[in-house]
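Engineer: Okay, structure incoming, though there's no sequence with it:
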């Protein structure tokens, strides 16, 4: 399956993504014992798999008048620009602190052990713009919830939250239930 042009206004039909799981390498005991890591680099290098992934993400949002796609550092930078291109939208990186050159807005959020922060240029999102936030993985939902908060502080309207993989057993979706959460691949354990 080849991707259709970004200027296309027709909505693609449903895309079966079951075969994409077969392209993801499972690495036991990484980054520590007892963790099963889902390595998407093997999916990314497969041209049909990557095109299918972007087509499936874009199909969900094709008729939702999206202005911007926000990609969360770092893997959101892989999918965000391709998705933005397909939706004829702009792309905005959401970065770790001190990575952006102009004035930024910042949000600090709690992790299981400590805290972390994310930043975005203050002029990246204008009030009323319809925004999709994209990342590779939905686990507990903390990073995405912080990005939602940051986006809303700049006046953006959250049109959706897109993920390649969702770890259903961590219930991250529960934290984000007021939004359209769309994940292509689900793992129950």
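Structural biologist: Right, received. Where do you want to start? Since the structure is predicted, the reported quantities are computational estimates derived from the model, not experimental observations.
Engineer: Name the single longest helix found in this structure.
Structural biologist: For the chain, the helix that runs over the most residues, judged by DSSP state H, is helix 47-61.
Engineer: Can you give me the buried ones in that one?
Structural biologist: 49, 50, 52, 53, 54, 55, 56, 57, 58, 59, 60, 61 (16 or more other CB atoms under 10 Å). In short, each C-beta sits where N, CA and C put it, glycine included.
Engineer: Please apply the same query to stretch 144-156.
Structural biologist: Residues of stretch 144-156 classed as buried by neighbour count (16+ other CB under 10 Å): 144, 145, 146, 147, 148, 150, 151, 154, 156.
Engineer: Stretch 96-111 too?
Structural biologist: Using 16+ other CB under 10 Å as the burial criterion, the residues of stretch 96-111 that qualify are 100, 104, 105, 107, 109.
Engineer: Same question for stretch 65-78.
Structural biologist: For stretch 65-78, a neighbour-count test (16+ other CB under 10 Å) marks 66, 67, 68, 69, 70, 71, 72, 73, 75, 76, 77, 78 as buried.
Engineer: Which other helices and strands does the helix-or-strand element of the chain with minimal mean pLDDT contact?
Structural biologist: Evaluated with mean pLDDT, DSSP states H and E, the helix-and-strand set of the chain has its lowest mean pLDDT in helix 18-21, which scores a mean of 90. Helices and strands touching helix 18-21, by 3 or more CB pairs under 8 Å, 6 or more residues apart in numbering; DSSP states H and E, are helix 47-61, strand 181-187.
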